[in-house]
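Starting from these lines, generate the structure:
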Amino acid sequence: MQLDPYVHFDGHCEDAIRFYRHALGAEVTTLVRRSDDPSGRADDATGDPDTVLHVSLRIGEAMLSGTDMPGRGGSGWLGYSVTLPAASDADAERLFARLAEGGQVTMPLTTTFFASRIGMVTDRFGVPWTVVSDG
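Residues are numbered from 1 along each chain as shown. Model prediction:
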């Protein structure tokens, strides 16, 4: 079984897609706009047919999905973070720096007894990340 996080971007999904493509090398595998819903009911959530109803992003071997669902994202998300395993310490430093662009570092990258690099950052969309490397 695999778990895939689903993030509500509160109207900023397009910006998040561009950011994750730049910062993490994310690949868009699915992009559905509200206007793509033949029933027209998907427009009810935002009133804007151009907003993102669903996006799936491949980041390495993992998937991150999201939507422009209003009122559910942004600051105040507590109790979780998306863990991003890095291939090397240099990769961890690069990914961490990119996620921190416009965001807030909550724990700078450091070395611990269980990881050669680990750090926490909340990106500009309010999504908390833990970047970790074993060397």
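
following the helix or strand of the chain with the lowest mean pLDDT, which helix or strand shows up next?
In the chain, the helix or strand scored least confidently by mean pLDDT, DSSP states H and E is strand 6-8, which has a mean of 89. Reading on from strand 6-8 to the C-terminus, the next helix or strand found by DSSP states H and E is helix 13-24.

and the following helix or strand past that following helix, which strands flank it?
The helix or strand immediately downstream of helix 13-24 is strand 27-33, counting by DSSP H and E. Take DSSP bridges as the rule and strand 27-33 pairs in its sheet with strand 52-59 (antiparallel).

so the strand it pairs with versus helix 13-24, what angle?
Angle of strand 52-59 versus helix 13-24, following axes from the mean of the first three to the mean of the last three C-alpha atoms, to 10 degrees, is 10 degrees.

Now do the buried residues in strand 52-59.
Buried positions in strand 52-59, judged by neighbour count with 16 or more other C-beta atoms under 10 Å: 52-57, 59. Where C-beta positions appear, they are placed from N, C-alpha and C, glycine not excepted.

try stretch 107-115
For stretch 107-115, burial by neighbour count (16+ other C-beta under 10 Å) applies to 109, 115.

check which helix or strand covers residue 99.
Using DSSP H and E, residue 99 falls in helix 89-100.

Please name every helix or strand in contact with that helix.
On a contact count with 3 or more C-beta pairs under 8 Å, 6 or more residues apart in numbering; DSSP states H and E, helix 89-100 meets helix 13-24, strand 82-86, strand 104-110, strand 117-122, strand 128-133.

Check which helices and strands the third one sits against.
So that's strand 104-110. With contacts taken as 3+ C-beta pairs under 8 Å, 6+ apart, strand 104-110 sits against helix 89-100, strand 117-122.

Based on its surroundings, how many neighbours for the closest residue to residue 100 other than its chain neighbours?
Excluding its sequence neighbours, the residue lying closest to residue 100 (C-beta to C-beta, 6 or more residues apart in numbering) is residue 121, at 4.8 Å. Per other C-beta atoms under 10 Å, the neighbour tally for residue 121 reads 25.
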